[in-house]
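1. Build me a structure from this.
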Amino acid sequence: MAAVWKRPSLTGFEVLWRWLVGIPVVALVAWEAMRIERVVPVDTRALEAMTVFKPVDAAQTLSLVASALLPAILHVALWLVPLALIAWAVVAAFGRTHVLRRLDPQLVPKPGTLLILGSLRIVVLLAVYGVWYWGVQFAGQTAVTGPVTHGGEPNLVLYAAMLICGSLALFVAWAATGWLLDIAPVLAMIRGIGAMESLRQAWKLGPLRGKLVEINLVMGIIRIALLVLALVFSACPLPFESVATQDFLVHWSMGVGVLYLLASDYFHVVRTAAYISLCRVYEVL
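-> Numbering: from 1, shown residues only. Below you'll find the model as predicted:
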């Protein structure tokens, strides 16, 4: 961690390639969101009238708004999501190659291999998000819509408990297995091998598995902690809402978001540096 901190250019290049994709994508999303807002009628008064003391009414309002917006959102997502994923995979292959080479100049550039591994990682993450989304729907059906359909009251405590437990289970599962896709690019550049061979050798690391899982788990916890801190700092001006302007609150939240992304990118470089150090120390060559 200290070595990466003393070389801010490493984090700078990581931020550069990520934001090279992220900023245009966010701009496109914002543009399309404003366009959808202009063409799709939404009852903003109903949204403003929502309250946690009437969860059923709030759920019905959100359902109506979602039904109105969903067709337009899906129409945009059909071309925007694939475009964003392809751009991310291509830029990430070259960006990560450059960052890895700056961490260890002896590494062999393998942008094609990193492109394949990055694409595979995207597919796996989409599958994980799909499982999480299914879990959200299942929790809603079990604790909210199911009881309401039968004339009962929604159980929001059960809903929250199912969401938290399910999310934690997925988090632990990803920490225990996600290291495979994280270490494979490092092995590919250390040994000069292809994508499938790097995955096969990553699976056979043996004594390094425990340390890789530990690093992945700790870094995951750190990123969650960063997210919590970002939420806390975003809420700091709320007690002064009566004297603070709306523009100030928006700019404050945007600033906190930028700091969160910078910190997240820094720890991503730290994890990559730790992987390289492990491979060198344990002579996994």
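
2. And the helices in the stretch 1-150 of the chain?
-> 2-5, 8-39, 44-48, 55-103, 111-140, 146-149 (DSSP state H, counting those that start in this stretch).

3. I'd like the distance between residue 243 and residue 196.
-> 60 Å (CB to CB, to the nearest Å). For the C-beta atoms, the positions are set from N, CA and C on the backbone; glycine is no exception.

4. Looking at these two, which is more packed in?
-> Taking other CB atoms under 10 Å, residue 243 and residue 196 do not tie; residue 196 has more neighbours (13 against 8).

5. per-residue confidence for the residue positioned nearest the centre of the chain?
-> The chain has residue 125 as the residue nearest its centroid, 9.1 Å off, counting by CA atoms, centre = their mean. For residue 125, the model assigns a pLDDT of 91.

6. Low-confidence stretches in this structure?
-> Residue ranges of the chain with pLDDT under 70: 43-44, 46-57, 59, 283-285.

7. rerun at 80
-> In the predicted model of the chain, residues 1-3, 41-68, 144-145, 148-154, 156, 175, 206-207, 238-246, 280-285 satisfy pLDDT under 80.

8. Which residue of it is positioned most peripherally relative to its centre?
-> When each C-alpha in the chain is compared with the mean C-alpha position (CA atoms, centre = their mean), residue 151 comes out farthest, at 37.8 Å.

9. any idea which element that one lies in?
-> Assigned by DSSP states H and E, residue 151 falls within no helix or strand.

10. From residue 62, how far off is it?
-> Relative to residue 62, and taking CB to CB, residue 151 is found at 21 Å.

11. With residue 77 instead?
-> 19 Å.

12. now swap in residue 79 and tell me
-> 26 Å.

13. So which of the two has more stuff around it?
-> residue 62 (13 against 9).

14. Quick check: the more buried one vs residue 115, distance?
-> According to CB to CB, residue 62 stands 39 Å off from residue 115.

15. Residue 184 now?
-> Separation of residue 184 from residue 115 (CB to CB): 13 Å.

16. Could you check which of those two has the larger neighbour count?
-> residue 184 (26 against 19).

17. Please, which helix or strand holds that one?
-> Taking DSSP H and E as the definition, one finds residue 184 inside helix 179-191.

18. Same question for residue 274.
-> helix 246-281.

19. okay, the angle between that helix and helix 179-191?
-> 60 degrees (axes from the mean of the first three to the mean of the last three CA atoms, to 10 degrees).

20. Distance from helix 246-281 to the middle of the chain?
-> Here helix 246-281 is found 12 Å from its chain centre; the criterion is CA atoms, centre = their mean, to the nearest Å.

21. How about stretch 227-238?
-> Distance, stretch centre to chain centre, for stretch 227-238: 18 Å (CA atoms, centre = their mean).

22. what's the answer for stretch 78-97, then?
-> 14 Å.

23. Show me the contact partners of it.
-> 13-14, 16-18, 20-21, 24-25, 28-29, 32, 109-112, 114-115, 118-119, 122, 185, 189, 272 (CB atoms under 8 Å, 6 or more residues apart in numbering).

24. With stretch 7-21 instead?
-> 4, 84, 87-88, 91-92, 94-96, 98-99, 102-103, 261-262, 265-266, 268-269, 273.

25. give me that answer again for 7 Å
-> Stretch 7-21 is contacted by residues 4, 87-88, 91-92, 95, 98-99, 102-103, 262, 265-266, 268-269 when judged by CB atoms under 7 Å, 6 or more residues apart in numbering.

26. Pull out the buried positions in it.
-> By 16 or more other CB atoms under 10 Å, the buried positions in stretch 7-21 come out as 10, 11, 13, 14, 15, 17, 18, 19, 21.

27. Adding distance to residue 212, write the helices of the stretch 1-150 of the chain out as a markdown table.
-> Compiled in a markdown table, those are given as follows (distance: least, CB to CB, whole Å):
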| stretch | distance to residue 212 |
| --- | --- |
| helix 2-5 | 18 |
| helix 8-39 | 20 |
| helix 44-48 | 45 |
| helix 55-103 | 16 |
| helix 111-140 | 15 |
| helix 146-149 | 41 |
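
28. For residue 235, which of the ones you listed is the nearest?
-> Within these, the stretch nearest residue 235 is helix 44-48; the backing value is 19.8 Å (CB to CB).

29. Is residue 193 in a helix, a strand, or coil?
-> For residue 193, the secondary structure call by DSSP: H, G, I helix; E, B strand; the rest coil comes out as coil.
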